[in-house]
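got a sequence here, can you build the structure:
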Amino acid sequence: IGEFNLPFGLEAKNGRVWVAEQSNHRVQVFSTGGVHQATLGSLQGIPGAGNTQFNSPSDVVLIDGEVVVADLSNARWSAWSASTDSWLRSAGSLGLGDGQLRFPVGVAVDGEGILHVAESTNARVSMFDSTNGDFLGTWDTVAGNALGTPARIKYIPWLDGMAVADGGTLRIKALGEGED
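Coordinates of the predicted model:
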């Protein structure tokens with residue numbers, strides 16, 4: 001506890017820091033002073049597919065008092081209480097269809113509270129209602145250019161849109177207000 005093995009994503013808000021560790025299959029929670037406060041997922045570094053387990057968590061984002069984790073090899077995202085560190089819900093399953101994910105590597109929430117999940121293998125971003133897990137749609141182009149291998153995604157407030165680090169095209173692509 002307190003040591004890392006392939007830390008891949010982090011979020012720091014409200015006096016806490018969440019670090020997703022792919023190889024230890026957990027998210028560690030710290031105070032901003034560096035004191036370990038909790039562990040989500042495996043305490044032994046063992047992957048799993050149960051509700052409270054991860055298999056290569058890759059990113060985290062805080063949404064209205066909940067921490068959302070992209071769970072790469074389980075092809076899903078899960079929400080946890082940011083105050084009690086307890087599991088709340090998960091969404092997604094392996095596949096190409098609506099609501100299905102393949103290698104979800106990044107998560108971000110936009111200005112309207114919609115969860116965006118970057119999928120590196122499906123070459124798209126899937127959108128979900130973060131409060132109940134309902135699938136809302138996908139996008140796979142930015143300004144007419146197809147996404148290659150989305151790697152990271154973040155909301156950019158001054159743009160009122162999403163920015164995607166695209167490993168397939170080796171570019172940062174931004175989707176602003178009014179763009180599809």
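
which residues touch stretch 164-177?
106, 118, 120, 123, 125, 139, 142-143, 145, 147-153, 156, 159-163 (CB atoms under 8 Å, 6 or more residues apart in numbering). Using the backbone N, CA and C atoms, a C-beta is placed for each residue, glycine as well.

secondary structure element for residue 163?
Using DSSP states H and E, residue 163 sits in strand 161-166.

and that strand, average pLDDT?
Averaged across strand 161-166, pLDDT comes to 86.

which is the next helix or strand following that strand?
strand 171-175.

that following strand: how far from the chain's middle?
Centroid separation for strand 171-175 versus its chain: 18 Å, with CA atoms, centre = their mean, to the nearest Å.

tilt between it and strand 161-166?
Strand 171-175 runs at 160 degrees relative to strand 161-166, counting by axes from the mean of the first three to the mean of the last three CA atoms, to 10 degrees.

what residue is smack in the middle of the chain?
When the chain is reduced to its mean C-alpha position, the closest residue under CA atoms, centre = their mean turns out to be residue 107, at 2.9 Å.

ok, that residue touching residue 115?
Yes: the pair residue 107 and residue 115 passes the contact test of CB atoms under 8 Å, sitting 6.5 Å apart.

now do the shared contacts for these two.
Counting by CB under 8 Å, 6+ apart, the residues touching both residue 107 and residue 115 are 61, 68, 77.

which one of those sits closest to residue 54?
Of all those, the one with the least separation from residue 54 (CB to CB) is residue 77, at 10.7 Å.

tell me where the model's unsure across this structure.
Along the chain, segments meeting pLDDT under 70 span 1, 143, 170, 175-180.

which residues touch the residue nearest to residue 54 when sequence neighbours are not counted?
In space, and not counting its chain neighbours, residue 54 is closest to residue 41: 4.1 Å by CB to CB, 6 or more residues apart in numbering. Applying CB under 8 Å, 6+ apart to residue 41 gives the contacts 25, 26, 27, 48, 52, 53, 54, 57.
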